[in-house]
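> any chance you could fold what I've pasted below:
(2 chains)
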Amino acid sequence: MANAMEIYQLLPKTNCKECGKSTCMAFAVSLLSRELTVDDCPPLKGDKFKSNYEKLSDMIAPAKGASESGMIVHEDKCFGCGNCVVACPVNVAEDPLGAGIGRAPTSDKVILRVEDGIVRTSNVHDCRRFGENKILCNGCIVTCPTEAIEFV
Amino acid sequence: MVILLNENYHVCTGCALLCDDIEVVIDDNVITEVKTACRKGVSRIKGCNEPMSPTVEGQQVDIDVAIGAAADILKNADSPLIFGLGNSTDGAQKKAIELAKQIGAVLDDTSSFCQGPTLEVIFNETVKSCTLDDVRNKADVIVYWGADPSNSHPRHLSKFSYFPRGQERQRGWEEDRTMITIDIRKSHTAKISGDKFHNIPLQADEEFIDALIDALSGKVPKVPFEYDPKRILELANILKNAKFGIIFVGLGLVYSLDNMDPIVKLMDKLNELSNFHLIPMVGHYNMRGFNQNMFNETGHLNRVKFEKGNNTKVQHGAEFSIVESLNEKKVDAALIIGSDPLSSLPRAVADHLLNIPVITIDPCETFTSRKAKVTIPSALSGVECGGSAIRMDGEEVKFEPIVDVKSQTIRPSDEEILTRIMEAL
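Reported below is the predicted structural model:
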């Protein structure tokens, strides 16, 4: 996965502020967090930066199979233990007497649930890694025994 | 305590956890989707890839003919063996004990080379045990020793032990619980326990237990292999300060010990200092049920021989285990119920099964069924027939069939087949 510095290297580095950010580095960080898109940088669309524009578009394009919050479930690795379902803080908050105590989810608002032996996502907008106030929550990553969950 | 079934939920019979919160989607009496169950449970509930058909000597026959042939084999045998039943309901197990009495059979199940010794110390109340609900509600120190539940019982950590919030453990795994794994390799479960994983050499469990007891007694622990004594002292400290501790004994630990004395010694020491319990990681969904039913009936867990015509006489001993019976070639016919000894036992031991008439009762085709003289297909318990079973912690769980049992395609249950064999005898 790309980091902010790699993105910055491909930007015009002129700090023109046309994107609304004060520096190109700030724009790179916004791009990384999907707050802005590559098209929000007008100079990048010129012929001079054509190859950089294409590289950046590839880099920032959502990884195949990733949800909006960037979560990827490797279905071949998941065996449905449900550790992530019970450990997810949003699941616990939304469904304290279901997923929170290890039982089947009883609420529609949970983010993770197990279906046919594989974890499925829903309501990704409520994930703590989503939106403006996102935090780098890793409840589902560290509890997965097989590294089946990843974030891009 | 009997756990009552929530009417919307089904029970999964994939392993001895007997998860009772499974939802299914049924289309035309076929289960198309299973919710909440792990991959192991889903494959159990969705049924077998290769269903077995009724056969005699490899020829497909009517099920009544197969039952008749099975009865003939058992009638003509001097010393038949009945083996398996770990995947059968309590009702079928009781019936099998009755049948064994009637024909004077050797009766054994997988526990004789599995968790039998652990269950024996629990049944005799030599060590303290508790229920999985107690673990969820109270346990703060959880030890997996020689066990990898992430693979054997996938929902063990998430439903009962480490991750769920419990009555006295409201802050869950992050703050309220400590999980320790002791194993010979970094298993999937060991990965979750992070720096609380103790990697010990093969067959070194007894030395590690001794060192741990020394550490608990305030001595400097010594082990004959390279291991930092500070880590053992650290572990002893965690165990000593536990409010409600639990050790889950896996097959790795059972197989590496000659007998249960080291575990009993460790449990006694731990209970002098804190509060520790023991639960065996039972594999088959109703293996503990078989041991319980046998214990109630005969006073022994497994490895018994009944005398024909004398209901009260029961012989018990290592010589009546399936391994010894086959090794010594002491049995002359075998009735295998829901088990696959040709696959699970070493070839040298299982070889004798190829020389004697074998009857298998199983929903799915197995290696044993392919070599059997008579095969009788049975209903998949928990899906096509109901009943009750004993969870790994000794709790009774009742369950109803998931699909419509009035359907034409449903096969008779183990219990029904055994009853019909007894009638034919």
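> the helix or strand where B:Phe83 lies: how far from the chain's middle?
For B:Phe83, the host element (DSSP states H and E) is strand B:80-84. Centre-to-centre, strand B:80-84 and its host chain are 17 Å apart (C-alpha atoms, centre = their mean, to the nearest Å).
> just want the angle from the following helix or strand past it to strand B:80-84.
The helix or strand immediately downstream of strand B:80-84 is helix B:90-103, counting by DSSP H and E. Here helix B:90-103 runs at an angle of 170 degrees relative to strand B:80-84 (axes from the mean of the first three to the mean of the last three C-alpha atoms, to 10 degrees).
> what's helix B:90-103 packed up against?
Contact here means 3 or more C-beta pairs under 8 Å, 6 or more residues apart in numbering or on different chains; DSSP states H and E; on that basis helix B:90-103 packs against strand B:80-84, strand B:106-108, helix B:287-298, strand B:304-307, strand B:333-337, strand B:387-390, helix B:414-424. For every residue, glycine as well, the C-beta is placed using N, CA and C.
> how about residue 118, what does it touch?
The chain I'm using is chain A. A:Val73, A:Glu75, A:Cys78, A:Gly80, B:Arg39 (C-beta atoms under 8 Å, 6 or more residues apart in numbering or on different chains).
> actually, chain B is the one I wanted.
B:Val249, B:Val254, B:Met260, B:Ile263, B:Leu278, B:Pro280.
> ditto for B:Val374
B:Val374 touches B:Thr55, B:Val56, B:Glu57, B:Ala66, B:Ala69, B:Ala70, B:Ile73, B:Pro357, B:Val358, B:Ile359, B:Thr360, counting by C-beta under 8 Å, 6+ apart.
> so for the strand holding B:Phe83, mean pLDDT?
In this model, strand B:80-84 carries a mean pLDDT of 94.
> buried residues, the longest helix anywhere in chain A. List them.
Assignment by DSSP state H gives helix A:50-60 as the longest helix of chain A. For helix A:50-60, a neighbour-count test (16 or more other C-beta atoms under 10 Å in any protein chain shown) marks A:Asn52, A:Tyr53, A:Lys55, A:Leu56, A:Ile60 as buried.
> likewise for stretch A:20-29?
The neighbour-count check on stretch A:20-29 (16+ other C-beta under 10 Å) flags A:Lys21, A:Thr23, A:Cys24, A:Met25, A:Ala26, A:Phe27, A:Ala28, A:Val29 as buried.
> same deal with stretch B:62-76?
For stretch B:62-76, using 16+ other C-beta under 10 Å, the buried residues are B:Ile63, B:Ala66, B:Ile67, B:Gly68, B:Ala69, B:Ala70, B:Ala71, B:Ile73, B:Leu74.
> closest to chain A out of those residues?
Using C-beta to the nearest C-beta, B:Ile63 is the member of those that sits closest to chain A, with 31.8 Å.
> quick check: the closest one touching B:Ser378?
No. B:Ile63 is not in contact with B:Ser378 according to C-beta atoms under 8 Å; the separation is 9.8 Å.
> between these two, what contacts are shared?
Here B:Ile63 and B:Ser378 share the contacting residues B:Arg411, B:Pro412, scored by C-beta under 8 Å, 6+ apart.
> any idea how the chain splits into domains?
You didn't pick a chain, so chain A it is. Per the record, chain A has its domains at A:4-60, A:71-151, by automatic domain parsing.
> that answer is for a different chain, and I need it for chain B
If you go by automatic domain parsing, the domain ranges for chain B are B:50-112+B:286-424, B:116-280.
> same list (the buried residues of stretch A:20-29) but as CSV, adding secondary structure, pLDDT and distance to B:Gly289.
As requested, these are exported to CSV (DSSP: H, G, I helix; E, B strand; the rest coil; pLDDT from 0 to 100; distance: C-beta to C-beta, whole Å):
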residue, secondary structure, pLDDT, distance to B:Gly289
A:Lys21, coil, 90, 66
A:Thr23, coil, 92, 69
A:Cys24, helix, 92, 68
A:Met25, helix, 92, 65
A:Ala26, helix, 91, 65
A:Phe27, helix, 90, 65
A:Ala28, helix, 88, 62
A:Val29, helix, 86, 59
